[in-house]
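[1] Could you look at this predicted model? Sequence included:
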Amino acid sequence: MTLIDVAIIGGGASGTTTAFHLATKSKNVYILEKNISYPERICGGGMSAAVQNWFPFKLQPIVDEVITNVEFSWCNTDKVVAELSGSSPFWIVKREKLDSFLLDQALNAGCNLLTTFNVVNIKKISNIWQITALDGRQVEAKAVVIADGSQSPWPKTFNLGPNQQKFASTYSGRVKRKGNLRDETARFEFGLVKNGFAWAFPLKDAVNIGMGTFLDNKNSISVEKILKSFLPDLGLDTSEVIGEEKKLRVWNGHSKLNGEGILLVGDAASLCDPFLAEGLRPALMSGFEAAKCLLYWLDGEVNDLDSYTKTIQKNWGNSMAWGKRISQVFYRFPKAGYQLGVKRPTAPKRIAQILSGEMNYEDIAKRVIKRLLFQNSSS
């Protein structure tokens, strides 16, 4: 059996990003993907245009919509519109198109792909990782990247990621027409979902619809009830939506994301934003940083992969720590949050800047939390 450099479990956005950057440096990389092709994969599909900084090729060809305005509402009324300005707009993509595009880039760079490879066992023998599929196939590698999403069992197996995993209850759907949702406009609705929000993001010929609840993840969302309230305001009908409910792993404290020759990336690393549920930007960032760290390690320039955890903590986790605090206060007092937060003259612009990657939560958190807590203690 040939020993490869890196085995990447999962061929989604984070895994293919890691694979591409390793393959361009002539590393022997295999993506182990349990599916045979990319079916329609419905999610919000929003990401900051700043992700372009992590790739030498243009992502623009697969972008369905460039968002220039963000509209906020409370129970479909009391609407506020913020204009996205600056150099990093907000992009909307079809997730299946993004994943397929990144996979093609990785394959063209020299990465290998094994499909229907459903991983059932990962173990380390001496300094070699042995990965076994359900059908008995095996791969041996110097390093392993766990990139198989929110339902991955492997972080717990190797005692990586948050000690206590936190999941948001979410629903993602797609309607194959745009209704009256304006071009280049993303919609966030804060009054219909308990402890969370609903969203509508435009595509070229469709709309991605979704909702998430972030404080109480034990109960499911009242999807049908919320859709019946939300969709008519968009000129759409519940009978047109195709979607599914799922649990989404979100950031829940600083944690170790690497072991000896093993790394977590993307949703498997619990990097999803705990306030706005943004997952693509941290997925792509973690893939880029994982590859960079692995290259130093494989070339013998460093003795461990600890710099990966430190980099993700600095570049993403510190902001998410404040995002979690905002989420805990905002979704506990959502009406006050909307009135005192979103409706403030500067607030929509700040949220838009967070979405575009131009600001982080730490820049605004202390003021927002203090304002919300003070208002609710005095009311």
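    It's in.
[2] how deep is Ala13 tucked in, by neighbour count?
    30 (other Cβ atoms under 10 Å). Yep, even glycine has a C-beta here, placed from its N, CA and C like the rest.
[3] which stretches of the stretch 51-200 of the chain have low pLDDT?
    Within the stretch 51-200 of the chain, the stretches with pLDDT under 70 are 86-88.
[4] and if we set it to 80?
    Scanning the stretch 51-200 of the chain for pLDDT under 80 picks out 84-89.
[5] same deal with the stretch 251-379 of the chain?
    The model of the stretch 251-379 of the chain has pLDDT under 80 over residues 340-341, 344-359, 363-379.
[6] what's the burial count for Ala168?
    Ala168 is flanked by 24 other residues according to other Cβ under 10 Å.
[7] Pull the contacting residues for it.
    Counting by Cβ atoms under 8 Å, 6 or more residues apart in numbering, Ala168 makes contact with 196, 212-214, 217, 247-248, 250, 272, 274, 277.
[8] could you dump these to a markdown table with secondary structure?
    Listed next are the contacts of Ala168 as a markdown table, based on DSSP: H, G, I helix; E, B strand; the rest coil:
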| residue | secondary structure |
| --- | --- |
| Gly196 | strand |
| Gly212 | strand |
| Thr213 | strand |
| Phe214 | coil |
| Asn217 | coil |
| Lys247 | strand |
| Leu248 | strand |
| Val250 | strand |
| Cys272 | strand |
| Pro274 | coil |
| Ala277 | coil |
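[9] Can I get the buried part of these as one ChimeraX selection?
    Those of the contacts of Ala168 that count as buried under 16 or more other Cβ atoms under 10 Å are selected in ChimeraX with:
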select :196,212,213,214,217,248,250,272,274,277
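[10] With distance to Lys335 added, can I get the contacts of Ala168 in a markdown table?
    Formatted as a markdown table, the contacts of Ala168 follow (distance: Cβ to Cβ, whole Å):
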| residue | distance to Lys335 |
| --- | --- |
| Gly196 | 14 |
| Gly212 | 18 |
| Thr213 | 16 |
| Phe214 | 16 |
| Asn217 | 21 |
| Lys247 | 26 |
| Leu248 | 24 |
| Val250 | 23 |
| Cys272 | 25 |
| Pro274 | 20 |
| Ala277 | 20 |
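[11] which of the contacts of Ala168 lies closest to Pro56?
    Closest to Pro56 out of these is Cys272 (26.0 Å), distances taken as Cβ to Cβ.
[12] Give me the distance between the closest one and Gly110.
    30 Å (Cβ to Cβ, to the nearest Å).
[13] what do you get for Leu32?
    Taking Cβ to Cβ, one finds Leu32 at 16 Å from Gly110.
[14] which of the two has more neighbours?
    Leu32 (27 against 16).
[15] What separation is there between the more buried one and Asp148?
    For Leu32, the distance to Asp148 (Cβ to Cβ) stands at 9 Å.
[16] any common contacting residues for those two?
    Listed as contacting both Leu32 and Asp148 by Cβ under 8 Å, 6+ apart are 9-10, 119.
[17] quick one on the thing from earlier: let me know the closest of the contacts of Ala168 to Ala141.
    Closest to Ala141 out of these is Cys272 (26.6 Å), distances taken as Cβ to Cβ.
[18] My read is that the closest one contacts Arg281, right?
    No. Contact criterion Cβ atoms under 8 Å: Cys272 and Arg281 do not qualify, at 9.8 Å.
[19] circling back: now, among the contacts of Ala168, which is nearest to Thr68?
    Ala277 (21.1 Å).
[20] thinking again about what came up before, give me the PyMOL select line for the shared contacts of Leu32 and Asp148, limited to the buried ones.
    Buried subset of these, written as a PyMOL selection, criterion 16+ other Cβ under 10 Å:
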select buried, resi 9+10+119
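[21] Reformat the shared contacts of Leu32 and Asp148 as JSON lines; add distance to Gly191 and secondary structure.
    Formatted as JSON lines, these follow (distance: Cβ to Cβ, whole Å; DSSP: H, G, I helix; E, B strand; the rest coil):
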{"residue": "Ile9", "distance to Gly191": "40", "secondary structure": "strand"}
{"residue": "Gly10", "distance to Gly191": "36", "secondary structure": "coil"}
{"residue": "Val119", "distance to Gly191": "42", "secondary structure": "strand"}
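[22] Kindly indicate which of the shared contacts of Leu32 and Asp148 lies nearest Gly317.
    Closest approach between the shared contacts of Leu32 and Asp148 and Gly317, by Cβ to Cβ: Gly10, at 21.2 Å.
[23] Phi and psi next, for Lys256.
    Backbone torsions of Lys256, given as degrees, to the nearest 10, read phi -80, psi 130.
[24] And Gly149, by the same measure?
    Backbone torsions of Gly149, given as degrees, to the nearest 10, read phi 80, psi -170.
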